[in-house]
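Enquirer: no FASTA, just this:
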């Protein structure tokens, strides 16, 4: 790393640190003032918990970037020299062909200042797209050492990113939905104390009324499934079984609130974020956001690139300098929000699917059992009618049946020299 590039890297590190920890640090200093500041302390803890995952994500990418820059920079400089040599030869042969080639392919001119993908900033972009599994495919390592480093970094990096994304998702749910969860659980406890039966046993009808007053939005199918699962298909629940049921109901309420919070944040974020990416139209911005945040990464669109005037101290053009600030943070936030939505929807859906699946299964068994009983009933009625009434046709049928039953197979007759002997009656 050259001295001028090191200056740029330090500037980006300071910028990202301030972006993540400036407000939590201010709240920490506020909490040190004389007096009692419980809300300030709570917000400080929440914001620190929210800021740590994105910052650690950038630190992990920065560590990988130093490795990949050291492995790939020399090879990229040689490729750049060959690139300039070939283009200059084309320009010397036919200048019009040279410009047509650049216009069609979108390649930079040969006389443009030195550009790099594998500088520190481009390496951060590569590490992020690698460990987040987005995989834009804009550039890839050319050396064997770089390929080995990619394998090792991916094996360890994907679990690290999964942990950080999940930590950020849990922090969002805790900050935005934790208070609502506490209110719901408190409401359930208050209603249960008011509606507790004298004998300490709870029926399904009583529990429907109790949880209906708590206004949880719990459907009858889900409550029926929980009641039967806890009570082992009994008609009443004792205190131990009832405590288990209450834990299941609170878990369902928590999952329901988390899903609503996650869906609200997700759709609000995806409504606004296309304006930030500025891909030419709102549809293109939304398309890029969905493709990136759900880690599809088709590669037809990439995040903001280009060099800002504040980073032109290095002796080359950094194509990815603009990516290392807010864009990388917002990509990480978007991926985390997608994880939140999928995780909460799966948790709530598992409970509801199990409940409604059990209900459908019971109805199917009842339906098939009813059809089966009607089928056997029709057979028994038909037999009774046939035995009660007699006709010449029925007598002929009975005589035929008796003859068939009286028929003796040849294999059971005595044989003489291998030939069955038929005895006359």
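Expert: Perfect, thanks for sending it. It should be emphasised that the depicted structure is a prediction, and the values quoted were computed from it without experimental measurement. Residues are numbered from 1 along each chain as shown.
Enquirer: Mean confidence (pLDDT) on whichever strand or helix holds residue 253, please.
Expert: Assigned by DSSP states H and E, residue 253 belongs to helix 239-277. Averaging pLDDT along helix 239-277 gives 83.
Enquirer: Check stretch 353-371 too.
Expert: The average pLDDT for stretch 353-371 rounds to 60.
Enquirer: got it, and stretch 298-306?
Expert: 74.
Enquirer: can you check stretch 217-231 too?
Expert: Mean predicted lDDT for stretch 217-231 stands at 75.
Enquirer: and the helix holding residue 253, how far out from the chain's middle?
Expert: 14 Å (C-alpha atoms, centre = their mean, to the nearest Å).
Enquirer: And it, what does it pack against?
Expert: helix 144-194, helix 220-231, helix 282-293, helix 326-388 (3 or more C-beta pairs under 8 Å, 6 or more residues apart in numbering; DSSP states H and E). The C-beta positions use only the backbone N, C-alpha and C, and glycine is treated the same way.
Enquirer: From residue 342, how far off is the residue nearest to residue 343 when sequence neighbours are not counted?
Expert: Spatially, and ignoring its direct neighbours in sequence, residue 343 is nearest to residue 169 (6.7 Å; C-beta to C-beta, 6 or more residues apart in numbering). Residue 169 sits at a distance of 10 Å from residue 342 (criterion: C-beta to C-beta, to the nearest Å).
Enquirer: Over to residue 270?
Expert: As judged by C-beta to C-beta, residue 270 and residue 342 stand 14 Å apart.
Enquirer: which of these two has more neighbours?
Expert: Per other C-beta atoms under 10 Å, whichever of residue 270 and residue 342 has more neighbours is residue 270, with 18 against 14.
Enquirer: Pull the number of nearby residues for the closest residue to residue 241 other than its chain neighbours.
Expert: Residue nearest to residue 241 in three dimensions, not counting chain neighbours: residue 230, with 5.0 Å by C-beta to C-beta, 6+ apart. When neighbours are defined as other C-beta under 10 Å, residue 230 has 18 of them.
Enquirer: Now do the contacts for residue 230.
Expert: 237, 241, 244, 245, 248 (C-beta atoms under 8 Å, 6 or more residues apart in numbering).
Enquirer: Correct me if wrong: the second one contacts residue 229.
Expert: No - with contact defined as C-beta atoms under 8 Å, residue 241 does not count as touching residue 229 (10.0 Å).
Enquirer: How about the contacts made by the nearest residue to residue 337 once chain neighbours are set aside?
Expert: In this structure, residue 337 finds its nearest non-sequential neighbour in residue 266, 5.0 Å apart by C-beta to C-beta, 6+ apart. Residues near residue 266 by C-beta under 8 Å, 6+ apart: 337, 338, 340, 341.
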